[in-house]
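[1] How does the following fold in three dimensions:
(4 chains)
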Amino acid sequence: MDPVIQHTILIGMAGLVCGALLALVSHYFAVHEDPTVEALTAALPGINCGGCGYAGCAAYAKAVATENIGLDLCKPGGAETVAKMAAITGRTASAREREVAVVLCNGSRERARQAALYNGVADCAAADLVAGGGKSCRFGCLGFGSCARVCPTGAIEIADSLAVVHPELCIGCGKCTGACPRKLIKLVPESRSIHVLCINRDRGPDVKKVCDVGCIGCTLCSKACNNEGIKMDGFLAVVDYTVPLNSPEIATKCPTKAIAVRPGVKKEAAA
Amino acid sequence: MTAIRAPFRIRGGVHPHDSKSATSALPVETAAVPPRLLVSASQHLGAPSKPVVKKGDAVLRGQVIAEASGYVSSAVHAPTSGTVKSVTSMLTATARHAFVVEIEPDGQDKWVEPLHPMADWTSAAPRDLVNRIAAAGIVGMGGAGFPTQVKLSPPPGKSIDTVIINGAECEPFLTADHRLMLEQSDAVWLGARIIRHILGASRLFVGIEDNKPDAIAAMEKAMAGADGETGVIILKSRYPQGAEKQLIRSVTGREVPSGGLPMDVGAVVENVATAAAVAAAVTRGVPLTERVITITGECVKNPRNLLARVGTPISWLIEQCGGLTGSVGKVISGGPMMGVALPDLDVGANKTTSGVLAISRESARQFGSEPCIACGRCVIACPSGLLPCTLSEHIEAEQFDDAERISVLDCIECGACAFECPARRPLVQHMRQGKQTVLTRRRAREAAARGKEERK
Amino acid sequence: MSAPEKTALAVSSSPHAHSGASVRGIMMDVLVAMIPAGIAAFMFFGWNAIRLILVCSATSVLAEWATRRIMKREAAIDDLSAVVTGVLLAFNLPPSLPSWMAAVGAFAAVVIAKQVYGGLGYNVFNPALVGRTVLLISFPVAMTTWTMPSLYCAGMDAVTTATPLGAWKTAWSAGAAPEGFFAAFPLSGLVTGNRPGCLGETSAIALGLGAIYLLLRRCIYWHAPAGFFGAVAVISASLYALDPARNLPPAYHLLSGGLFLGAFFMATDMVTTPVTRSGQLIFGLGCGLLTMVIRRWGGYPEGVSFSILIMNSLTPLINRATRPRVFGTRSKLA
Amino acid sequence: MTELVLLVVGAVLVNNFVLHRFLGICPFLGVSRDIPTALGMSAAVVFVVTCAAAVTWPLQYFVLERFGAGYLQTIAFILVIATFVQLVELVLKKAAPALHRGLGIYLPLITTNCAVLGVTVLSIKKGLNFVESIFFALGAALGFGLALLIFTGMRERIARAYPPRAFQGTAIALVTAGLLSLAFMGFAGLVKL
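    Residues are numbered from 1 along each chain as shown, chains lettered A, B, ... in the order given. Just a heads-up that it's a prediction; the model follows:
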């Protein structure tokens, strides 16, 4: 026989033996995987931000496939992802409005007072443990950027010892809300543009002592909107994000300029 | 019975210069009542007390102004008679905010009502004694401020056989406990016996570091002829000898299990000042409204040991010592190793404030940001057997799971590591950050697990 | 909050006291500890010693300064670590090495072994040893050309010779016992340093003095050197007992080569050795074992530098394995 | 017996496949993130390499050479190695899913791993007998495992290092690997083969 043919048969035989062996093993060691999980994982954005409360996109996909979890938990994915996932699972779901983070403090280095010189770790959680990093206001932003460090999209900028979210970059995963030791960061519907940038619950005079732009509880804003949209909670004005608030001029009412108008990504009307 | 050397030594530890000579020979002087008292409603570990007075109320000394708001909580009493000026959230001597009752003394210093002295405590039921202690608002006066009545009520199943009175005072500079043992050794001893009686313990020791021979002698004298297994235990002067777990090990050889409490090894530790307060509360019916505070440091003109009312502003205390001199860098509430740097001096002293320390800008420890050079000195210094250098690197890199794996939660924040660190790394701050983050994450994990359970 | 704030107070985490130790202080102690060996080097090898020490430390400092500048990071030469690296490297070089080669070694030590990792504290390998090894591999002839020591610089004409370990190994690879070995290298010469070898490694007595200083200053602990010497002593004694003709007596293994320099000054380098004392002991034992393996069976006559470098690479694993028992736990394997 | 020990020692220390022959660099750099994964990878390599040697040796001498098909060595060897890797993967996926996930893409990559092919080809080239070739493969795999383990330890440390930007990531890992290989040159001449 021609050696070439002989060798071809030889290698072919070897290949056949190996293939058979593999087939046998794969039969006995087969692992069953749910195809929907894979499809769902593919439908998710895959940035593993953890904003849904699960350890990454795959984990959320698995939860959706097996535990009847809501389809609208993926914030970065938005409506598109919800639609895709609904198609895969055959369930119906509607997307929530996309949310973006906002830092409820406007007390930068010039506007808020510093009680003492802080010397230590440049991290908010660490500084908060040491006399609040020397910052007079016990509610305010420490400005060491712990939130910026966890942000997967780099949407948080630290300017003048104050964290500011760039809403156009924010994907609403909410990682920063957990990173802030002072719980200053809140997720709000992206269409909203009016925010009370202060969470200081002390009385007006005490707020005045520590910060120029804090909420002093004067109630002018809540009165201006008839308690709709902005409500008083003790000595603090709080925006009610469930109620529409369309009057940017309300910001001008605030004597300390604690209310900010920040154009949202989408127009209010689109919400 | 004679004083004996502690059978065990602490692991690791450091030997800072003790700097106690400025005040160790000065008798405790009673400070006048200041024109304004700032009494915190959160002077203890656990749930903050609930203020029960409001602006304009007249209060008498010993009147409850904030009551305990849970099992691990403690009452707060008016330190003198006067008028409540305000009840607001303010900075306290722990450099944290809490509700503070501001009192303007009327100068009468009138006690609230007939007090109830107890003539014969030896036949009293332990439960009654514990209630008296709870009513007197006594907390651990060594620094942590754990409510004493909780410590004295071990849950069923835990039997306490050893009571240790902590007179180690291993923090440099502080001499409050030292002077108390010298001047009120009988009160300390009385309180110690009351505590032993409450717990039904057989053994009662007073642990004192060997750099205070006069205190050892005074306590021995007070304890002469005592019954049962009692004695002064002379401890080797080494920081942190006075840390609770380390003290228990030095005296009994038992190690409190990781994550456990002293009662898990049948021991209870109380500070000497706490013992004296217990004696006063039981035999005289007096609530805790004053304590000995050492005001010292290179920037205090005339360092003193003062018996001051709880709530006395730190700034006023310093004034009583001639004020500050030189370039003040830092004012610390407590000792230099575990004390808290104060951003503001207008804060009231707490029941746990054992000292006020003003140090110059030159000696105020500056933390650097140099990398770890792995010298291993922190490992040798750590009394808990941790690797502070590695932990700090993990925490700096935000690898909290790794930090948890190598036992960051076992850190007692004594500061021995940072004291030794040649790179001046802020090790203790890293540990505190790490501990807090690990605990927060653990709670979040548990909450998530519970949530999952519920969904199922 | 109404305090008149005359001066802003500082707030920082406890502790507020410090021992006063600093990285610079430690490096200073190491430099002081190297003075006796430096004097010995000058006595036995004359101006060559000064030349190499100066070239190496100057290049190290310059390289450190330049790289920090290029990396746009804070200059760190005032911590003196570059000087220590330079002097240690010089101690590890044969006296006749050309200056430019020494400079190459110092550059490799500071830039490749240290600054590329981010500087002092981040390096994995001992910089001086990396410098030496790079030179040994790159310039094998120059790095193994030894000169006879001449006390007090008498007779500056360098006589090429061999180190004790080199002579022993060369002879045995040729298959015969070296003639007159013990007459050529009396033990007294090994103790004082009057023998051929690297600049700073020859004088056991001077290195010992420096080591005592470092031990007293708590800059080094006894564990790593003890392990190193112990392992070398035990292994060499066993080998000698098995075959006295073929193996050097233990005293020669302990006193010749770079063992004193390595054990006291490089196996104790803080950054690249374990942080626990038990780990340091293991580190030393491993160094001793590897040194003896390379000396006895390897191609190189001397294995101290290689063994320390290899153990450097094992340091993270040793650290992991020798974590102390945490207070209140039963076993460290918890 | 002594020769077998020397063979193993030589393959582990002197002619270490990673540090001296620079084979298997891909998993060396890829799977050195944490110690459990590195150990798993090492175990997988030990298994695959040893089995590959055990199968390729008879394949070479009893099949390929008998039929005069020695020129097909590379193809035949890759076939056998690929089969074994698939086998290991299937088993791991079932028996140790966590390890399987940890190894990720690197397990299938052993298929085309030059270290495995290198070992088998080298042992034929050296003219080793069957037992020798198995020990040689074992030594080579252990050497790979040793290097991987050491490197993983260092990797965890250099992960916290602060190199200049240009050196961050793989660059600093390669520098470290180079220095490690420099250190291992000390073993040169230890075993003369």
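[2] neighbouring contacts of stretch C:276-289?
    With C-beta atoms under 8 Å, 6 or more residues apart in numbering or on different chains as the contact definition, stretch C:276-289 has outside contacts at B:376, B:379-380, B:387, C:221, C:223-232, C:235, C:262-263, C:267-268, C:273-274, C:304, C:307-308, C:310-311, C:314-315, C:318-319, C:321-324. C-beta here means a position set from N, CA and C on the backbone, and glycine is covered the same way.
[3] switch the cut-off to 7 Å
    Outside of stretch C:276-289, the residues within contact range by C-beta atoms under 7 Å, 6 or more residues apart in numbering or on different chains are B:376, B:379, C:221, C:223-228, C:230-232, C:235, C:267, C:273-274, C:307-308, C:311, C:314-315, C:318-319, C:322, C:324.
[4] Mind checking which of those residues land in helices?
    Here DSSP state H is the test, and these give B:379, C:223-228, C:230-232, C:235, C:307-308, C:311, C:314-315, C:318-319 as lying in helices.
[5] quick one: pLDDT of the residue of the stretch 101-250 of chain C found nearest chain A?
    For the stretch 101-250 of chain C and chain A, the shortest gap (C-beta to the nearest C-beta) falls at residue C:121, measuring 16.9 Å. In this model, residue C:121 is scored at 89, pLDDT.
[6] burial of the nearest residue in space to it that is not next to it in sequence, as a residue count?
    Spatial nearest neighbour of residue C:121, chain neighbours left out: residue B:371 (3.3 Å); criterion: C-beta to C-beta, 6 or more residues apart in numbering or on different chains. Using other C-beta atoms under 10 Å in any protein chain shown, residue B:371 is surrounded by 22 other residues.
[7] what's residue B:371 in contact with, if anything?
    Residue B:371 neighbours (C-beta under 7 Å, 6+ apart): B:423, C:120, C:121, C:122, D:162.
[8] Can I have the buried ones of these as a ChimeraX selection?
    Per 16 or more other C-beta atoms under 10 Å in any protein chain shown, the buried members of those correspond to this ChimeraX selection:
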select /B:423 /C:120,121,122
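[9] which two in the contacts of residue B:371 are spaced the farthest apart?
    Farthest pair in those (C-beta to C-beta) is B:423 and D:162. Separation: 13.5 Å.
[10] Let me know whether residue C:309 touches residue D:181 as I believe.
    No: in this structure, residue C:309 is not within contact of residue D:181 by C-beta atoms under 7 Å, at 10.6 Å.
[11] Can you check what pLDDT the model gives residue B:122?
    89.
[12] follow-up on the earlier one: would you mind telling me which of residue C:309 and residue D:181 has more residues around it?
    residue C:309 (28 against 15).
[13] The more buried one: what's it in contact with?
    Neighbour list for residue C:309: C:125, C:126, C:129, C:133, D:183 [criterion: C-beta under 7 Å, 6+ apart].
[14] Tell me the pLDDT of the second one.
    Reading off the confidence values, residue C:126 has pLDDT 95.
[15] ok, now residue B:322?
    92.
[16] the strands in the stretch 151-271 of chain A, which residues?
    A:156-158, A:163-165, A:185-189, A:194-196, A:230-233, A:236-239, A:259-261 (DSSP state E, counting those that start in this stretch).
[17] interface residues of chain A facing chain D?
    Neighbours of chain D within chain A, by C-beta under 7 Å from any C-beta of the partner chain: A:3, A:6-7, A:10-11, A:14-15, A:18, A:21-22, A:25-26, A:29, A:31.
[18] next one: chain B
    So far as C-beta under 7 Å from any C-beta goes, chain B lies against chain D at B:371, B:393, B:397.
[19] Just the closest of those to residue C:60, please.
    The closest of the residues of chain B next to chain D, once distances to residue C:60 are taken by C-beta to C-beta, is residue B:371, at 18.5 Å.
[20] part of a helix, is the closest one?
    No: per DSSP: H, G, I helix; E, B strand; the rest coil, residue B:371 lies outside any helix segment and is coil.
[21] Show the model's pLDDT score for it.
    88.
[22] What are the contacting residues of stretch B:440-454?
    In contact with stretch B:440-454 (C-beta under 7 Å, 6+ apart) are residues residue B:400.
[23] Distance from that stretch to the middle of the chain?
    When C-alpha coordinates are averaged (C-alpha atoms, centre = their mean, to the nearest Å), stretch B:440-454 and its chain have centres 33 Å apart.
[24] And for stretch B:5-23?
    Worked out by C-alpha atoms, centre = their mean, stretch B:5-23 lies 17 Å from the chain centre.
[25] Flag every buried residue along that stretch.
    Those buried within stretch B:5-23 under the rule 16+ other C-beta under 10 Å are B:6, B:8, B:10-14, B:16, B:18-20, B:22-23.
[26] Could you do stretch D:56-67 as well?
    For stretch D:56-67, by 16+ other C-beta under 10 Å, it's D:56, D:57, D:59, D:60, D:63, D:64.
[27] Tell me the one among those nearest to chain A.
    residue D:63 (6.8 Å).
[28] which stretches of the stretch 51-200 of chain C form helices?
    Secondary structure of the stretch 51-200 of chain C (DSSP state H, counting those that start in this stretch): helices at C:81-91, C:99-107, C:127-138, C:164-173, C:181-184, C:187-192.
[29] so which of those comes closest to residue D:39?
    That would be, of those and by C-beta to C-beta, helix C:127-138, which comes in at 28.0 Å.
[30] For chain D, tell me whether that closest one is touching it.
    Yes: using C-beta under 7 Å from any C-beta, helix C:127-138 reaches chain D at C:130, C:133, C:137.
[31] Dump those residues into CSV; add distance to residue D:27 as well.
    Listed next are the residues of helix C:127-138 next to chain D as CSV, based on distance: C-beta to C-beta, whole Å:
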residue, distance to residue D:27
C:130, 26
C:133, 26
C:137, 26
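[32] right, and the helix or strand after the one helix or strand in chain D whose mean pLDDT sits lowest?
    Lowest by mean pLDDT, DSSP states H and E among the helices and strands of chain D is helix D:106-110, with a mean of 69. Following helix D:106-110 in sequence order, the next helix or strand is helix D:114-125 (DSSP states H and E).
[33] Tell me the helices and strands packed up against that next one.
    helix D:35-58, helix D:73-95, helix D:130-158 (3 or more C-beta pairs under 7 Å, 6 or more residues apart in numbering or on different chains; DSSP states H and E).
[34] okay, the ones you listed, which one's buried deepest?
    helix D:130-158 (a mean of 23; mean count of other C-beta atoms under 10 Å in any protein chain shown).
[35] Tell me if it is near chain B.
    No: using C-beta under 7 Å from any C-beta, we find that helix D:130-158 stays clear of chain B, coming within 8.8 Å at best.
[36] rewinding a little: got the buried residues of stretch D:56-67 as JSON lines, with distance to chain A and pLDDT columns?
    Listed next are the buried residues of stretch D:56-67 as JSON lines, based on distance: C-beta to the nearest C-beta, whole Å; pLDDT from 0 to 100:
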{"residue": "D:56", "distance to chain A": "11", "pLDDT": "88"}
{"residue": "D:57", "distance to chain A": "15", "pLDDT": "90"}
{"residue": "D:59", "distance to chain A": "8", "pLDDT": "86"}
{"residue": "D:60", "distance to chain A": "12", "pLDDT": "88"}
{"residue": "D:63", "distance to chain A": "7", "pLDDT": "83"}
{"residue": "D:64", "distance to chain A": "8", "pLDDT": "84"}
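[37] Where does pLDDT dip in the stretch 1-150 of chain A?
    Residues of the stretch 1-150 of chain A meeting the criterion pLDDT under 70: A:1, A:33.
[38] number of nearby residues for residue A:27?
    9.
[39] I am finished for the moment; much appreciated.
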